[in-house]
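*Asks:* no sequence for this one, just the structure:
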């Protein structure tokens with residue numbers, strides 16, 4: 001079973017075989033009736049898949065990773081139909097460019113023939129999450145990738161899109177800035193967009209609540225300069241099967257249910273445990289994993305342990321855990337009691353990629369591209385919501401930024417207290433790791 005976001009049909013500006021004059025005329029027609037996207041940090045195309053299902057048209061997509069660009073280019077050439085928008089195909093007419101975002105300017109991303117005043121309806125992007133992810137060292141803006149937030153701001157200033165959609169890991173909510181204060185990075189991001197005249201709204205959303213078979217929790221920011229600031233889309237699914245008379249959400253799509261609709265994996269993609277590892281995994285209950293060694297901290301004298309990311313047994317009654325950018329996805333137990341890992345093709349489908357998507361590179365690269373992508377189903381839901389507000393046109397009175405959700409402040413307070421206890425120890429751990 002695969003949930004596809006509702007789509008609307010949007011008139012296309014034309015294909016690559018148009019004459020130059022027709023291309024120029026098509027650019028002039030771009031507006032609210034034909035919403036356009038400039039996609040930064042596009043990866044393998046997860047965000048763009050979701051947005052194009054929702055009716056948007058990607059005019060420019062870019063990433064610095066050569067395998068990602070080859071994947072997008074090959075998928076574009078494959079002519080994969082966008083569900084509900086046939087005969088439109090993914091990345092139809094999109095310029096796909098491998099580039100370092102530092103080197104890009106507004107002139108580089110405008111459609112051919114567009115004037116200097118051209119602006120996209122939406123600028124979308126999710127800079128690399130490693131500086132803020134709990135799976136890394138959380139070096140924040142001390143990691144060069146952490147400074148890519150500035151490039152998202154710069155491109156917004158140069159392009160002046162009607163809307164901005166930003167995605168990242170939830171760890172950025174409590175990320176430490178130059179002064180060492182938790183929450184400073186998100187305050188910086190908000191103020192930078194406000195200084196450009198953009199009102200902002202932030203939320204933490206779970207992809208499972210929007211029909212994905214994955215519990216992928218991420219932070220999202222929507223910003224606008226001259227339009228209404230959208231509410232975030234209402235969840236369509238819920239963990240609880242019980243609904244009230246006025247809340248008829250569907251139950252979460254479980255991993256087991258999802259895999260039932262997938263074809264049998266190819267033998268070359270199947271990885272099974274062996275030896276002592278197989279014996280250890282056989283003892284696990286679904287939804288648990290092998291533990292890591294405990295890290296002793298001031299408030300955890302017996303050790304701070306977690307699950308080893310390469311040794312977790314998935315619970316088929318729930319949506320998948322977050323698909324990671326590693327070639328060691330979760331194990332699943334089959335009906336005969338044997339085990340295997342989720343394959344890269346299954347992980348791609350869970351992330352919302354069409355089965356026909358043309359991933360390139362090594363198996364490790366494919367897992368990396370898939371795990372780093374934005375989940376397409378939630379991108380579709382966000383795309384539909386922003387489009388509905390775009391259709392309302394500009395507003396006379398500029399929107400005001402929404403306050404941070406109360407949950408953000410609670411997280412910052414907890415992290416501040418936690419850092420007072422364990423910051424010195426963690427600095428030594430990080431110094432040892434990077435040294």
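*Replies:* Good, I have the coordinates. Fair warning: this is a prediction, and the values are worked out from it, not measured in the lab.
*Asks:* Show me the strands in the stretch 251-400 of the chain, by range?
*Replies:* With DSSP state E, counting those that start in this stretch as the definition, the stretch 251-400 of the chain shows strands at residue ranges 288-291, 295-297, 300-304, 307-313, 331-333, 339-341.
*Asks:* helices or strands up against the fifth one?
*Replies:* This means strand 331-333. strand 307-313, strand 339-341 (3 or more Cβ pairs under 8 Å, 6 or more residues apart in numbering; DSSP states H and E). Using the backbone N, CA and C atoms, a C-beta is placed for each residue, glycine as well.
*Asks:* Can you point out the buried residues in stretch 154-164?
*Replies:* Buried positions in stretch 154-164, judged by neighbour count with 16 or more other Cβ atoms under 10 Å: 154-156, 158-164.
*Asks:* and if you look at stretch 181-200?
*Replies:* Taking 16+ other Cβ under 10 Å as the criterion, stretch 181-200 shows 181-186, 188-190, 192-193, 198-200 as buried.
*Asks:* tell me the mean pLDDT over it?
*Replies:* Per-residue confidence for stretch 181-200 averages out to 95 on the pLDDT scale.
*Asks:* Please apply the same query to stretch 349-357.
*Replies:* Averaging the model's pLDDT scores along stretch 349-357 yields 98.
*Asks:* Residue 219 belongs to a helix?
*Replies:* No. Counting by DSSP: H, G, I helix; E, B strand; the rest coil, residue 219 is not part of a helix but strand.
*Asks:* residues near it, how many?
*Replies:* Counted with other Cβ atoms under 10 Å, the neighbours of residue 219 add up to 21.
*Asks:* OK, contacts around it?
*Replies:* If a contact means Cβ atoms under 8 Å, 6 or more residues apart in numbering, then residue 219 has 167-170, 172-173, 202-204 as its contacts.
*Asks:* do the same with residue 90
*Replies:* Going by Cβ under 8 Å, 6+ apart, the list of residues near residue 90 reads 45, 48-49, 52, 75-76, 80-82, 354.
*Asks:* Neighbour-wise, which one of these leads?
*Replies:* Taking other Cβ under 10 Å as the neighbour criterion, residue 45 ranks highest of those with 31 neighbours.
*Asks:* Identify the residue spatially nearest to that residue, adjacent ones excluded.
*Replies:* residue 72 (4.9 Å; Cβ to Cβ, 6 or more residues apart in numbering).
*Asks:* Buried residues in the helix or strand where the one you found lies, which are they?
*Replies:* Secondary structure assigned from DSSP states H and E places residue 72 in helix 66-78. Of the residues in helix 66-78, those scored as buried under the neighbour-count criterion (16+ other Cβ under 10 Å) are 67-73, 75-76.
*Asks:* export the helices and strands packed on strand 331-333 to TSV and tack on distance to residue 233?
*Replies:* Converted to TSV, the helices and strands packed on strand 331-333 look like this (distance: least, Cβ to Cβ, whole Å):
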stretch	distance to residue 233
strand 307-313	30
strand 339-341	33
